[in-house]
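*Asks:* build the 3D model from these lines:
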Amino acid sequence: QVQLVESGGGLVQAGGSLRLSCAASGRTLSSYTMGWFRQAPGKERELVATISVSGATRSYAASVKGRFTISRDNAKNMVYLQMNSLKPEDTAVYYCAARPLAVATSAPRYDYWGQGTQVTVSS
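*Replies:* Here you go, the predicted model:
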């Protein structure tokens, strides 16, 4: 079992930045693909970014590409999401998720989830 805990959310003005962190326990993350997802009120959960086991392969949703950066530190069992140039439409609960080995882009294919952290961007 992998337990995931997100932190770093909050209220920020448009154009600002936040850095989300995801701390894992229970097992080492070194054999898990990691993803960040978000869910806004009344909307489905959507992929924000994924990062492969080694960190060599990263993918982003078109809406965040160039503004967000996903990274990981396997030695610390941590995953991060640096969010720059935030927009009001980025407002959502952000979730960290893990799945063994291969990269996937759909939420149902991830086995472990954190409780989420709220990000609110004011205009």
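*Asks:* give me the phi and psi angles of residue 108.
*Replies:* Here is the backbone geometry of residue 108 (degrees, to the nearest 10): phi -60, psi -20.
*Asks:* swap that for residue 117, please
*Replies:* With angles defined as degrees, to the nearest 10, residue 117 sits at phi -140, psi 140.
*Asks:* quick one: it and residue 5 touch, right?
*Replies:* No. In this structure, residue 117 is not within contact of residue 5 by C-beta atoms under 8 Å, at 9.0 Å. C-beta coordinates here come from the backbone N, C-alpha and C atoms, glycine included.
*Asks:* between the two, which one's more packed in?
*Replies:* Using other C-beta atoms under 10 Å, the more surrounded residue of residue 117 and residue 5 is residue 117, with 22 against 13.
*Asks:* so what's that one up against?
*Replies:* 6-9, 20, 93-94 (C-beta atoms under 8 Å, 6 or more residues apart in numbering).
*Asks:* these in helices, which ones?
*Replies:* Using DSSP state H to define helices, no part of those is located there.
*Asks:* which one of the residues you listed sits closest to residue 41?
*Replies:* Residue 41 has its nearest neighbour among the contacts of residue 117 in residue 93, at 8.9 Å by C-beta to C-beta.
*Asks:* can you tell me the closest non-neighbouring residue to the residue sitting nearest the centre point of the chain?
*Replies:* Closest residue to the average C-alpha location of the chain: residue 36 at 2.2 Å, with C-alpha atoms, centre = their mean. Nearest residue to residue 36, sequence neighbours excluded (C-beta to C-beta, 6 or more residues apart in numbering): residue 48, at 4.3 Å.
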